[in-house]
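> Let's see this in three dimensions:
(one chain, ligands or ions: 1)
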Amino acid sequence: MINDSIFLKALNKEKLSTPPIWYMRQAGRYMPEYRAVRKNFKNFLDMCKNPDVCCELAMQPIEAFNLDAAILFSDILTIPDAMGLGVKFLEGEGPVFDNPIKTNKDVINIPPFNPNDLDYVYKAVNNIRRALPSNIPLIGFAGSPWTLAAYSIEGRSSKNFNSTKDFIKNNEEESHIFLTKLTDACFLYLRKQVEAGANVLQIFDSWANLLNKEQYKKYSLHYIEILIQALKNDSVTKNIPVILFSRDPKCDPQFLVSTKADCLSLYWSMNNLNINSLNNKIALQGNLNPEVLLQSDELIQLEVNKILEKFKNFNGYIFNLGHGITPNIDPNKVKYLTNLVRSY
Ligand code: CP3
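Now for the predicted structure:
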C-alpha cells in the first residue's frame, strides 16, 4: 500500500526512527547499468522519448540501493522542447536550443503549450508506477518557470547566464509573459503526471542562484507560488505533496516556506535555517554535499552523522543530497551511504 510509505509519512511531517532515503539524480551516468543503456542513443532526449527505456532507467537505482522513492526518468527541458524551442543534448556540452528566445517577439510567438505533446512522459510515469512495489512512491517533476526561462533564453548551459540577465532587464514585460506561459505549462504538465500515477511532485529551481533577493522574489518565487497554488486548488493534484528544490537562493529560507510547498529540499550550503522554527510546519530534505561521496568511508560517516544529528528531532526529515549525484561518484559509495543512514 502506498500509505505504508515512510517517504509519504515524512512528507506528512511524521516522526520516524529512520529517515526515508532517495537521491537527486539517482538514475544517471555514475551507474554502469545506465551507461549500458545510454550508449544506444545519440541524443539524450530521444532516450527520454522512449517510455520503456525510461522505466528501466528509473528502476535501476531502486533495484541497486533499495531506495524509499523513485523519480520519473525524464528531463526538465521537455517543456521548452514541446514549445518548439528544439532542445538537443550534445556530447560534452549539455543542452543546446535550436530556437532560443532572443527577442520579445519570440516570447509572443511561442505556440500555446499542448500537454498532450508530452504523452511520452506520462507513458513513462505509468510504466514506472506499475513496475514499482506498491509502497514506493513515484516522484514526478518539472523545472521551475524561472529555471526553464533561463535555459530557453540562454539557449544552452552557461556559468553566469549573462544573456538571460540582460534579457530580463531589457524586456521586463515580455519576461513576465514568458514566465506566465511557463507556469501554466508546468501546471498542466504536472497534473498529467499525477493522472498517470505520480504520487509526489518536485519543482527544480536549479538556477535560483542567478538572481539577487529582490529579483528572486519577483522572477522566480512569485511563479512557484502561483504554480503551487494552482496544484493545491485542483481536484486531481490537491493532495499531492510538493517538494521545492532551490539551488543556493539569495534570500531568507522563510520566503521559500511561504510558497506553501510541503517540503523544502535543502541545497548543500543552505545552513542559515532555523530548523526548530520549522518543526511541524514543513518537511525538510537534503542537504549532504554530494562531494562528500568522493571522500573516504570515514569522512562520509563523519559528515552523515553531522546531518543526522542536525535533523534528529525534526518531524518529517528525508535523507538526500544537497544537489544531484555527479557522474564521478562510485555507486559503492552510494550503497555505503544508504546503509550508514539506515543503521544510524
Ligand atoms: O534520477 C534522476 O533524477 C533522473 C531524472 C532527471 C534527469 N534530469 C536526467 C538527466 C532529472 C530529475 C533531471 C532534472 C534536471 N535536468 C535538472 C534539475 C536538477 C539539477 O541537477 O539541478 C536540470 C538543471 C536539468 C537540465 C540538464 N539535463 C542538464 C544541464 C543536463 C546536462 C548536464 C548534466 O548534468 O548531465 C542534463 C542531462 C541529463 N538529465 C542527464 C540525465 C541522466 C545526463 C545525460 C546523458 O546521459 O548524456
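> Enumerate the residues of the stretch 1-150 of the chain near the ligand.
25-29, 38, 44, 71, 73-77, 89, 94-95, 141 (CB under 6 Å from any ligand atom). From N, CA and C alone the C-beta is placed, and that goes for glycine too.
> So which of those are in strands?
Mapping these onto strands (DSSP state E) picks out 71, 89, 94-95, 141.
> Just want the phi and psi numbers for residue 243.
The phi/psi pair for residue 243 (degrees, to the nearest 10) reads phi -110, psi 140.
> chain center to the helix or strand encompassing residue 284, what's the gap?
Residue 284 belongs to strand 283-288 when assigned by DSSP states H and E. Put simply, strand 283-288 sits 13 Å off its chain's centre (CA atoms, centre = their mean, to the nearest Å).
> Check which helices and strands it sits against.
For strand 283-288, the elements it packs on are strand 263-266, helix 297-310, strand 317-321, judged by 3 or more CB pairs under 8 Å, 6 or more residues apart in numbering; DSSP states H and E.
> buried ones in the longest one?
This points to helix 297-310. Buried residues in helix 297-310, counted by 16 or more other CB atoms under 10 Å: 300-301, 303-304, 307-308.
> who does it touch, helix- and strand-wise?
Secondary elements touching helix 297-310 (3+ CB pairs under 8 Å, 6+ apart): strand 283-288, helix 331-342.
> Can you read off the backbone torsions of the closest residue to residue 219 other than its chain neighbours?
Closest residue to residue 219 apart from its sequence neighbours, by CB to CB, 6 or more residues apart in numbering: residue 146 at 5.4 Å. Per-residue torsions, residue 146: phi -60, psi -50 (degrees, to the nearest 10).
> Specify the local secondary structure of the residue nearest the centre of the chain.
By CA atoms, centre = their mean, the chain has its centre lying nearest to residue 204, at 3.8 Å. In three-state terms, and counting by DSSP: H, G, I helix; E, B strand; the rest coil, residue 204 is strand.
> contacting residues for it?
Contact analysis of residue 204 by CB atoms under 8 Å, 6 or more residues apart in numbering lists 76, 141-144, 147, 245.
> Any chance you could list what contacts stretch 101-109?
Defining contact as CB under 8 Å, 6+ apart, one finds that stretch 101-109 is touched by 85, 99-100, 110, 149, 152-153, 167, 171, 173-175, 177-178, 181.
> Spit out the contact partners of the closest residue to residue 271 other than its chain neighbours.
With CB to CB, 6+ apart as the criterion, residue 271 has its nearest non-adjacent residue at 7.8 Å, and that residue is residue 287. Going by CB under 8 Å, 6+ apart, residue 287 touches 265-268, 270-271, 307, 320-322.
> Is it possible to get CSV of those residues that adds pLDDT and distance to residue 337?
Below are the contacts of residue 287 laid out as CSV (pLDDT from 0 to 100; distance: CB to CB, whole Å):
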residue, pLDDT, distance to residue 337
265, 98, 17
266, 98, 17
267, 97, 18
268, 97, 14
270, 94, 19
271, 90, 20
307, 97, 11
320, 98, 11
321, 98, 9
322, 98, 13
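> for the chain, which helix is longest?
helix 172-195 (DSSP state H).
> mind saving the C-alpha coords of it as PDB?
What follows is helix 172-195, C-alpha atoms only, in PDB (Å, rounded to 0.1, in the frame of the first residue of the first chain):
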ATOM      1  CA  GLU A 172      10.600  43.200 -18.300                       C
ATOM      2  CA  GLU A 173       7.100  42.900 -19.600                       C
ATOM      3  CA  GLU A 174       7.800  40.000 -22.000                       C
ATOM      4  CA  SER A 175       9.800  38.200 -19.300                       C
ATOM      5  CA  HIS A 176       6.700  38.100 -17.200                       C
ATOM      6  CA  ILE A 177       4.600  37.000 -20.100                       C
ATOM      7  CA  PHE A 178       7.100  34.200 -20.700                       C
ATOM      8  CA  LEU A 179       7.200  33.200 -17.100                       C
ATOM      9  CA  THR A 180       3.300  33.100 -17.000                       C
ATOM     10  CA  LYS A 181       3.300  30.800 -20.100                       C
ATOM     11  CA  LEU A 182       5.800  28.500 -18.400                       C
ATOM     12  CA  THR A 183       3.900  28.500 -15.100                       C
ATOM     13  CA  ASP A 184       0.700  27.400 -17.000                       C
ATOM     14  CA  ALA A 185       2.600  24.800 -18.900                       C
ATOM     15  CA  CYS A 186       4.200  23.400 -15.700                       C
ATOM     16  CA  PHE A 187       0.800  23.100 -14.000                       C
ATOM     17  CA  LEU A 188      -0.800  21.200 -16.900                       C
ATOM     18  CA  TYR A 189       2.300  19.000 -17.200                       C
ATOM     19  CA  LEU A 190       2.400  18.100 -13.500                       C
ATOM     20  CA  ARG A 191      -1.300  17.400 -13.400                       C
ATOM     21  CA  LYS A 192      -0.900  15.000 -16.300                       C
ATOM     22  CA  GLN A 193       1.900  13.300 -14.400                       C
ATOM     23  CA  VAL A 194      -0.300  12.900 -11.400                       C
ATOM     24  CA  GLU A 195      -3.100  11.500 -13.600                       C
END
